[in-house]
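S.K.: let's see this in three dimensions:
(2 chains)
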Protein chains: 2
Amino acid sequence: MNSELALIQSLRAIATHPAARGLADDAAVLELGGETLVLTKDMMVEDTHWLPGQSMADVAWKLVAANLSDLAAKGAEPVGVLLGYSLGADDDAFLDGLQAALEAFDVPLLGGDTVSGGGARTFSLTAIGRATHTPVPSRTGAKPGDGVYLCGSVGGAMMGFEALTGRGDADQNPFTRPTPLLAEGCALAPHVSAMMDVSDGLLLDAWRMAEASGVSLAIEGMQVPICAPEDRRADALRWGDDYALLFTAPTTAALPTAATRIGSVVAVGQAPLQLDGEWLSGPEGLGYQH
Amino acid sequence: MNSELALIQSLRAIATHPAARGLADDAAVLELGGETLVLTKDMMVEDTHWLPGQSMADVAWKLVAANLSDLAAKGAEPVGVLLGYSLGADDDAFLDGLQAALEAFDVPLLGGDTVSGGGARTFSLTAIGRATHTPVPSRTGAKPGDGVYLCGSVGGAMMGFEALTGRGDADQNPFTRPTPLLAEGCALAPHVSAMMDVSDGLLLDAWRMAEASGVSLAIEGMQVPICAPEDRRADALRWGDDYALLFTAPTTAALPTAATRIGSVVAVGQAPLQLDGEWLSGPEGLGYQH
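M.R.: Model (predicted):
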C-alpha cells in the first residue's frame, strides 16, 4: 500500500542505525560485544494475516515460523523469542501451538507482554538470533555471473491454503505449520552472495533482491521446484508463505545443502526481473504486497 | 484480569528459559557471548492504553519511554529498539513523536514491522539493552534490613492526565512525555538489592516486589516524594505511569544518585505490604492492574 510505503520510507529516514535500512523488510543485524545479533519482528493481525475460524494453534505456529525464517535467511541460530499477545478467544489453543512450535524449533520463550482490548487482535513476535557467519547474508549482495538458487520449494502453502478453504485435499501443513529452513540457512550462509526467505512470492521477492542488489535476475520458471500440479506453476511462483530460501552464489560454489538452480544474476537491465527471457514490467501481480 | 493471569501462568509454564520467569512483568535477561542483554517488549492498544483523541506523537513517545524505563530498572543502557506499528490515522504525528523520543534518549530504531487491518490499533516495541552491571537487578532480591527507596517521584503523571482531560492546569508532560531514568538506573544497579520501575502504582509495584522477594515492605506514606498537592497523596501512591525507580538497598549503601528513603524491608509478615504500620489486605486498589 502506498501509505505503508511512505511510512516505511519515513521510518527509514529517521532510523539512525545502519541496520534500519532493512526496516519492515529484513531482519536487523546488530554487533554487540563479540557477537553479531540478528533481530526480527513480525506482526500478525486478525482477519488480515489469518482466516476467520482458523486454528489459533496454527496461527501461533506460523507467527513463530515466520520470524525464525527471517533468522534462517541470515544464517542465524535462534536464541529466543519475545511474544506480544492480545488476549481473546482460544487462548489455550494458541498456547498449544506456541509450545509445539517452540519445541519443534528448539527455541525458548524469553518474555513478552500481554494486552487486552477491543477490535482486531494483533500478535507480535521478536526473535533474537546469533549469526553463525559474518558478514551476515543480506539481499544486497547478488553479483552478475552468480547463479540464482532456491532451497526448498514453492506452491505447497498455496495448495494447503486451498485445501484448508475447502478446495482440494492437498496437505494443509505447508500453509498451517510451515517449517523455517534454519539448518539450511546456517549451512548456506558462508557460501551465498545474497539470501532472503520467500515469504511474499518467489517472483516478488526475486524482484526485491534484484532491486536491493542493483542487478537483474533472470529466472527460468520451469526450473523452479514446485509442490503443486504443473498447471498451477504460474500461481506457485507468485504465492507466498512457503519460507523457501532464495539465494545467489558463485556457480562454482560447493553448496552444502540441497538447492536448485533457477536462474542467473545479470547486469541490471530494463527491469529487475526477467522470467523465461521476458523482462517483467513491474512488481504488480508477482506476489503478496503488504 | 483473571484470564490474563491464567494465560501468563500458562506462558510461564511453557517457557523453558529462566528469563521467562519475568514474562509479562519484567524484562528478560539473556547471557550471550560476553554480554548480558536485557530485552523488553511492551504493547499499547488503542482505547486501552491511550485516550481517544490523544496526540499520536505522545503515544509514540510513551511507547518508547515505557520500554526504556524497563531497561533503566535493570541498569541497562539502550542499544536499539524494534517497532511494531499498525498503520492508521496520524502516522506523521506518530513519527514525529517517535523521532523525538529516540533523539531524546539517544537510541536507534533498528527495524520492525508494519501492518494494516481493522479494529483497534496495536503498537509494540522491543527494546534491546546492554547490562552495565551483573548480576542484573531484579525484583526478587530485597532483604530484611534493607531500606526501601524511590528515585524520582510519583503523582506527576496523575496530575498531567487530569490536566489533559480538562481537570486542572498541571504540567501535562509527566503523563504525555515521561522520562525513563536511564542514567539513574545504571548508576544505582551496583548498589541495589532489588529494583523495578513504578509503572502501575507505587503501592501495587511495592506489593509485587515484596511477593517476588519473599519479604514484606513497610512503607511510610508521608516519606514518598510526590509531585501533586498534599491532599492527593493517597491517590499519588496508587497512580502509575511515572516511571520512578523503586529499589531496596542496604541502609549503609553510599547511593550515587538522589533517592528518598520511603521505608524498610522486613521479614515476611501477614501481608507483603505495610503502609504506615497497617498491613494491607490485598493488592486491589493499590494501582493499575492489567
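S.K.: read off the pLDDT value for A:Met44.
M.R.: For A:Met44, the pLDDT comes out at 85.
S.K.: hmm, I typed the wrong one, I wanted A:Gly285.
M.R.: Model confidence at A:Gly285, given as pLDDT, is 80.
S.K.: isn't it up against A:Asp235?
M.R.: No: using Cβ atoms under 8 Å, A:Gly285 is not in contact with A:Asp235, being 11.0 Å away. From N, CA and C alone the C-beta is placed, and that goes for glycine too.
S.K.: neighbour count: these two, which is higher?
M.R.: Neighbours per residue, other Cβ atoms under 10 Å in any protein chain shown: of A:Gly285 and A:Asp235, the larger number sits with A:Asp235, 17 against 12.
S.K.: point me to the helix or strand that includes the more buried one.
M.R.: helix A:233-236 (DSSP states H and E).
S.K.: pull the distance from that helix to the chain's centre.
M.R.: A distance of 18 Å separates the C-alpha centroid of helix A:233-236 from that of its chain, computed with Cα atoms, centre = their mean, to the nearest Å.
S.K.: list the buried residues for that helix?
M.R.: A:235-236 (16 or more other Cβ atoms under 10 Å in any protein chain shown).
S.K.: against which helices or strands is the helix or strand that that helix is followed by packed?
M.R.: Downstream of helix A:233-236, the first helix or strand assigned by DSSP H and E is strand A:244-249. The contact analysis (3 or more Cβ pairs under 8 Å, 6 or more residues apart in numbering or on different chains; DSSP states H and E) places strand A:244-249 against strand A:147-151, helix A:182-188, strand A:194-198, helix A:202-213.
S.K.: to A:Ala73, which of those lies closest?
M.R.: Among the helices and strands packed on strand A:244-249, the nearest to A:Ala73 by Cβ to Cβ is strand A:194-198 (4.2 Å).
S.K.: could I get the helices and strands packed on strand A:244-249 as a markdown table with mean pLDDT?
M.R.: Listed next are the helices and strands packed on strand A:244-249 as a markdown table, based on pLDDT from 0 to 100:
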| stretch | mean pLDDT |
| --- | --- |
| strand A:147-151 | 98 |
| helix A:182-188 | 94 |
| strand A:194-198 | 95 |
| helix A:202-213 | 95 |
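S.K.: dump the ones you listed to JSON lines, plus distance to B:Arg177 and mean neighbour count.
M.R.: As requested, the helices and strands packed on strand A:244-249 are exported to JSON lines (distance: least, Cβ to Cβ, whole Å; neighbours: other Cβ atoms under 10 Å in any protein chain shown):
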{"stretch": "strand A:147-151", "distance to B:Arg177": "48", "mean neighbour count": "24"}
{"stretch": "helix A:182-188", "distance to B:Arg177": "42", "mean neighbour count": "21"}
{"stretch": "strand A:194-198", "distance to B:Arg177": "38", "mean neighbour count": "27"}
{"stretch": "helix A:202-213", "distance to B:Arg177": "37", "mean neighbour count": "24"}
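S.K.: would you mind giving these as TSV with distance to chain B added?
M.R.: Formatted as TSV, those follow (distance: least, Cβ to the nearest Cβ, whole Å):
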stretch	distance to chain B
strand A:147-151	24
helix A:182-188	17
strand A:194-198	14
helix A:202-213	15
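S.K.: what's the closest of those to B:Leu255?
M.R.: Closest approach to B:Leu255 among the helices and strands packed on strand A:244-249 is made by helix A:182-188 (46.4 Å; Cβ to Cβ).
S.K.: cheers, nothing more for now.
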